[in-house]
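1. here is the input, now give the coordinates:
(chains A and B)
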Amino acid sequence: MMNKVRRNRNLMTDEDGDARITALFGIFAALTLMAGLMVINSVPVEIGPEEGFLAPNITAPAHMPGGSWGDDYVLYDHIDRDWESGMSGKYFLIQFIDTDCGHCWSEGEEMSGLYNDYSEYVDFVSVAISLGNPGWVSSKEEIAGFQEKGNYVGCNSDSNCQDRPGEVHPWIYVDTRSDTEQSDWEVGSTPFAVILDPSGHVIWNMGAHYQQEGLPEAMYRLIGSNLGGE
Amino acid sequence: MVDTMLLVIGAVLVLGIFPCLPQSKDFFSKSGLTDTRRSLLGLCIFTFGGMIASVWTIIIKNDLEATGATQSCTSAGCSALIGDYNWNTMPIIGIEWGLMGLLAFTILGLIALSLFLDESNSSWVHSWINAGTIISGAGLVPVAWLVSVELFLHEDAVIICPFCTLAHIAAVLTFVLFFILRKKHDNGSWNT
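-> Okay, here's the model as predicted:
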C-alpha cells in the first residue's frame, strides 16, 4: 500500500516537472528572440588599434601630478562621437609605457616637448602597462613617480624617478597593469603610441610606421601642419 | 517622434493588463482559463515586455558605445543615462542595468510560465510563487534608485529614459501580480 502511494506521488512529481521543462523551452525561445533582436540591431563597428578603426576603450585608475590615484579614466567619455573632419575638437595621443623600460625613460623628454607644442589641440594620455620582463616590477607609486619625477627608486629598472629626462608630465597617467588594455591595443613593446582623432578613431599607429615616421613627425603631419606650423 | 519600439513594448505591457482585468473573464472562459491562470498569463506577458525593454536598453548602449549615436532611441534621456557608464552600471557587481534586467526578467518569466503551464497546483507552486515575489520585490530597490536618478540625482534631472521607464513599469507590475497571486495561493483560492 505504501509503495503504491509513493508511486502515485512520483507520477505527480513527473507531471509537475513537465510544466517547468516546457516553461524552460519557452524561455529559451524568448531569449533566442531577444538575441535575434540584438543581432538585427547591432551596429557593425570595427574596434582596434589599426588605423581607421575606432580605438578600444580604456578604463583604468587615473593619476595627475600632485594628486592621488583617483576615479577611473574612461576614454570613451572624452571622445566626441559626432565629430567629423573639418570640425574643431581635441585629438588624443595615447602613449603606452612600462616605467621600467629604458626607451620610455628617455622618451620622457620628447613627450614633454610634444606636450608643450600640442597640449592646446591634443589630450595626452599615458597608459602604464606591464610587459612582464624579468626584474621589471612596477607599482602605482613608481608610475606616479615616473610622471611627477618624484623621489622614488625603481623607474628604468633601478633609477630614481626624479632623474627622468624631461619635465613633470602634467597630463593623465592611467594604470592598466592588471587589465586587458595591453592585448586590446596589441601592445608588444614600449613605448608605443597611437594618435586618435576627436571621434576616437585611430589616425596613426606607431607600429604601422615603424622606422618610417616617428611620433614628432606624425604629430606635425597630422596636427601641427594644419595649424599653420608648430 | 515616438520610437516605434516604444509603442511595441508599451503595447505588450498593455496587452498583459488585459487578461488581469475582471472584464476579460468572459473572453478567456472560452479557453477554459481560470482567474488565476488569466493573471499568470498577464504575468508572463509583463515579464516578456520587461525582457524586450531590457534588451532594447542593451542595444541602445551598444549603439552609443560603438558610434556615439543611436537610432534605437531618439530621447535625450537614453544617451544621458544609458550612454553614461557611471549611471548605467550596477554598483559593486559592475554589470550594466539592461543585462541585469534581462537576467531578472528571464528568471521571473521562467517562474511565471512554469506556473501558467502547471494545471494541478503542484507541491512546488508555493515555493516558486514565494521566489517570484521575493525576486520581483527585491527588484523594486534598484528600480526606485534608477527612478530617483532620473528625477533627482542626474546632473540634468529631470531626465527620462523611456525604455528604462517601461522596464521599471514591467518590474512593478510583475511584483504586484506575484504579490496578488501569493495571497491567492495562501488563502486557498488558487484554482478559481
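2. go ahead and confirm A:Gly224 touches A:Asp117.
-> Yes: counting by C-beta atoms under 8 Å, A:Gly224 touches A:Asp117, with 7.1 Å between them. In this view, the C-beta of every residue, glycine as well, is placed from N, C-alpha and C.
3. got the buried residues for stretch A:158-172?
-> Of the residues in stretch A:158-172, A:Ser159, A:Cys161, A:Arg164, A:Gly166, A:His169, A:Trp171, A:Ile172 count as buried by neighbour count, 16 or more other C-beta atoms under 10 Å in any protein chain shown.
4. stretch A:118-136 now?
-> A:Tyr118, A:Tyr121, A:Val122, A:Asp123, A:Phe124, A:Val125, A:Ser126, A:Val127, A:Ala128, A:Ile129, A:Ser130, A:Leu131.
5. tell me the mean pLDDT over it?
-> Here stretch A:118-136 scores 90 as its mean pLDDT.
6. now swap in stretch A:146-164 and tell me
-> Mean predicted lDDT for stretch A:146-164 stands at 92.
7. where does chain B come near chain A, residue by residue?
-> Applying C-beta under 8 Å from any C-beta of the partner chain, one finds that chain B approaches chain A through B:48, B:51-52, B:55-56, B:58-59, B:62-69, B:72, B:85, B:102, B:106, B:109-110, B:113-114, B:116-120, B:122-124.
8. any idea which element A:Val174 lies in?
-> If you go by DSSP states H and E, A:Val174 is part of strand A:172-175.
9. pick out the most distant pair among the buried residues of stretch A:158-172.
-> Spatially, the most separated pair among the buried residues of stretch A:158-172 is A:Ser159 and A:Ile172, at 23.1 Å (C-beta to C-beta).
10. closest one of the buried residues of stretch A:158-172 to A:Thr59?
-> A:Ile172 (12.7 Å).
11. what about that closest one, distance to B:Ile135?
-> 42 Å (C-beta to C-beta, to the nearest Å).
12. who's in contact with A:Ile79?
-> With contacts defined as C-beta atoms under 8 Å, 6 or more residues apart in numbering or on different chains, A:Ile79 is in contact with A:Phe92, A:Leu196, A:Pro198, A:Ser199, A:Gly200, B:Gly68.
13. wait, isn't the fifth one in contact with A:Arg81?
-> To tie it back to what came earlier, the one meant is A:Gly200. Yes: assessed by C-beta under 8 Å, A:Gly200 is found in contact with A:Arg81 at 7.0 Å.
14. out of the two, which sits in the more crowded spot?
-> A:Gly200 (21 against 18; other C-beta atoms under 10 Å in any protein chain shown).
15. nearest spatial neighbour of that one, chain-adjacent residues omitted?
-> A:Ile79 (3.5 Å; C-beta to C-beta, 6 or more residues apart in numbering or on different chains).
16. the one you found: what secondary structure?
-> Secondary structure, DSSP: H, G, I helix; E, B strand; the rest coil: A:Ile79 is coil.
17. near chain B, which residues of chain A are found?
-> A:12-13, A:15-16, A:19-20, A:22-24, A:26-27, A:30-31, A:34, A:37-38, A:41-43, A:45, A:47, A:54, A:57, A:59, A:74, A:76-77, A:79-82, A:199.
18. please indicate which of those residues are buried?
-> Looks like these have A:16, A:19-20, A:23, A:26-27, A:30, A:34, A:37, A:41, A:54, A:57, A:59, A:74, A:76, A:79, A:81, A:199 buried, using 16+ other C-beta under 10 Å.
19. so of those, which ones are in helices?
-> Among those, the members found in helices (DSSP state H) are A:Asp16, A:Ala19, A:Arg20, A:Ala23, A:Gly26, A:Ile27, A:Ala30, A:Met34, A:Leu37, A:Asn41.
20. of the residues you listed, closest to A:Asp184?
-> A:Asn41 (24.1 Å).
21. quick one: end-to-end distance for stretch B:64-74.
-> The first and final residues of stretch B:64-74 sit 12 Å from each other (C-alpha to C-alpha, to the nearest Å).
22. tell me which residues are up against it.
-> Contacts of stretch B:64-74 (C-beta under 8 Å, 6+ apart): A:41, A:43, A:45, A:47, A:54, A:57, A:76, A:79-82, A:199, B:1, B:3, B:5-6, B:56, B:59-60, B:63, B:78-79, B:82-83, B:161-163.
23. any idea how far it is from the chain center?
-> 23 Å (C-alpha atoms, centre = their mean, to the nearest Å).
24. which parts of it are buried?
-> Neighbour counts using 16+ other C-beta under 10 Å place B:Leu64, B:Glu65, B:Ala66, B:Thr67, B:Gly68, B:Thr70, B:Ser72, B:Cys73 of stretch B:64-74 among the buried residues.
25. check contacts around the residue nearest the centre of chain A.
-> By C-alpha atoms, centre = their mean, chain A has its centre lying nearest to A:Ile58, at 2.7 Å. By C-beta under 8 Å, 6+ apart, the residues touching A:Ile58 are A:Tyr73, A:Val74, A:Leu75, A:Ile94, A:Val125, A:Val127, A:Val174, A:Thr176, A:Glu181.
26. the same query, at a cut-off of 10 Å, please.
-> A:Ile58 makes contacts with A:72-76, A:78, A:92, A:94, A:125, A:127, A:174, A:176, A:179, A:181, A:184-185, as judged by C-beta atoms under 10 Å, 6 or more residues apart in numbering or on different chains.
27. likewise A:His103?
-> Per C-beta under 10 Å, 6+ apart, neighbours of A:His103: A:Ile97, A:Asn156, A:Ser189, A:Thr190, A:Pro191, A:Phe192.
28. after the one helix or strand it maps to, which helix or strand is next? Please name it.
-> For A:His103, the host element (DSSP H and E) is helix A:102-118. Per DSSP H and E, the first helix or strand lying C-terminal to helix A:102-118 is strand A:122-128.
29. partner strands of that next one, parallel or antiparallel?
-> Strand A:122-128 has the following strand partners under DSSP bridges: strand A:91-97 (parallel), strand A:172-175 (parallel).
30. now those as TSV including mean pLDDT?
-> Below are those laid out as TSV (pLDDT from 0 to 100):
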stretch	mean pLDDT
strand A:91-97	95
strand A:172-175	94
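31. could I get the ones you listed as CSV with distance to B:Lys184?
-> CSV is the format used below for the strands paired with strand A:122-128 (distance: least, C-beta to C-beta, whole Å):
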stretch, distance to B:Lys184
strand A:91-97, 60
strand A:172-175, 55
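32. and of the buried residues of stretch A:158-172, the nearest to chain B?
-> A:Ile172 (16.5 Å; C-beta to the nearest C-beta).
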